[in-house]
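Q: attaching a predicted model along with its sequence, questions to come.
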Amino acid sequence: MASDYERVESAIQFIHNHHNSQPSLAEIASEVGLSNFHFHRLFRRWAGITPKQFLQFLTVEHAKQMLANNNLWDTSLELGLSGTSRLHDHFVTLDAVTPGEFKTSGEGLHIEYGLCQSPFGPAFISVTKRGICQLAFVTQENPQQPLDNLRENWSKAKITLNQKRIADIGNNIFSSDDHRRTRIHVFVKGSNFKLNVWKSLLKILPGAVCSYTQIANSIQKPRACRAVANAIGCNPVAFLIPCHRVIRNTGALGGYHWGIERKMALQVYEAAKSQNN
DNA sequence: ATTGCCTGCGTGG
DNA sequence: CCACGCAGGCAAT
């Protein structure tokens, strides 16, 4: 029995591979192995939109339009979050250290990890007292990779499984009910350049996208777009640091560590949620 | 939409 | 230091 996300992903894959031939909704439905009726229900359930709307969100035209939009940046972050008047709640705050400040590879640090479900497939999360230090999607090809990365990146930390705790954290992060969500704190290490890039990503509003160049401009390094792309690719905390909201100037999506289909799914999902506001 | 050539810059040796 | 490679950009087609 395939999960909703697996079906959404295979639909995306099919659309992506056949975007030249403009497949009909019925064709896509049968590719996913569902009747038209259930296909429709799947999208209503998953993102609250119809398959047709779903298709429209995935076009390059739509992406370009989103890029042209001015209201991408949450300026309240730059203004320093003036208490009650903020327009958008910042669910994610960031605590960062440079490698220089943190030479010990996590000595004395206790990290708990585990798996949870998300609208984008199973996710691997690890967390310290100071915040979430990793969020990785689990791929079928290499399900061990997140744990291997964790051990490598924090080689001297005490690392233990705590499935219950991670399930709770996952429920909070991916809760569709914004009012139920509590503040999420992230704890990462990286070079100063990477940290600057990651902080910029936090300013992009859900449902919005921006280009690699716009991020480069925002950190006062207008010609560093490629270095920016590289830094974005090193983001250890998928979804929470929203690297999926950065695309190419042309409207093409660019790359994604967790697969281009997942990047599309994340964008459609957020676009669908934010259009209802 | 796809190709090919251009670029600057952070990173790791 | 220097060489390398990049989840990009851009112009030409």
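A: Happy to help now that I have it.
Q: what does the stretch 101-250 of chain A put close to DNA strand C?
A: Applying Cβ under 7 Å from any atom of the strand, we find that the stretch 101-250 of chain A lies next to DNA strand C at A:211-213, A:225-227, A:229-230, A:232-233, A:235, A:243-244, A:246, A:248-250. All C-beta spots, glycine's among them, are computed from the backbone N, C-alpha and C.
Q: mind listing which of these are in strands?
A: Among those, the residues falling in strands (DSSP state E) are A:211, A:246.
Q: strands along chain A, start to end?
A: Per DSSP E, chain A carries strands over the ranges A:92-97, A:110-116, A:123-128, A:131-137, A:158-161, A:184-189, A:210-211, A:246-247.
Q: tabulate those strands (TSV), appending mean neighbour count, distance to A:V8 and mean pLDDT.
A: TSV is the format used below for these (neighbours: other Cβ atoms under 10 Å; distance: least, Cβ to Cβ, whole Å; pLDDT from 0 to 100):
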stretch	mean neighbour count	distance to A:V8	mean pLDDT
strand A:92-97	16	24	91
strand A:110-116	19	18	97
strand A:123-128	24	15	97
strand A:131-137	22	14	96
strand A:158-161	13	29	96
strand A:184-189	20	24	94
strand A:210-211	21	24	94
strand A:246-247	24	19	96
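Q: kindly reformat those as JSON lines containing distance to A:S3.
A: Shown next, in JSON lines, are those (distance: least, Cβ to Cβ, whole Å):
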{"stretch": "strand A:92-97", "distance to A:S3": "26"}
{"stretch": "strand A:110-116", "distance to A:S3": "13"}
{"stretch": "strand A:123-128", "distance to A:S3": "13"}
{"stretch": "strand A:131-137", "distance to A:S3": "13"}
{"stretch": "strand A:158-161", "distance to A:S3": "23"}
{"stretch": "strand A:184-189", "distance to A:S3": "24"}
{"stretch": "strand A:210-211", "distance to A:S3": "30"}
{"stretch": "strand A:246-247", "distance to A:S3": "26"}
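Q: helices along chain A, start to end?
A: Using DSSP state H, the helices found in chain A span residues A:4-17, A:25-32, A:36-47, A:51-57, A:60-68, A:75-78, A:145-153, A:163-173, A:192-201, A:212-218, A:225-233, A:260-275.
Q: please point out which parts of the fifth one sit buried.
A: Okay, so that is helix A:60-68. Judged by neighbour count (16 or more other Cβ atoms under 10 Å), helix A:60-68 contains these buried residues: A:62-64, A:66-67.
Q: relative orientation of that helix and helix A:260-275 in degrees?
A: Per axes from the mean of the first three to the mean of the last three Cα atoms, to 10 degrees, the angle that helix A:60-68 makes with helix A:260-275 is 60 degrees.
Q: wait, does helix A:60-68 contact DNA strand B?
A: Yes - where contact is defined by Cβ under 7 Å from any atom of the strand, part of helix A:60-68 touches DNA strand B, namely A:V60.
Q: surely A:I241 and A:K203 touch.
A: No - the criterion here is Cβ atoms under 8 Å, and A:I241 misses it with A:K203 at 11.0 Å.
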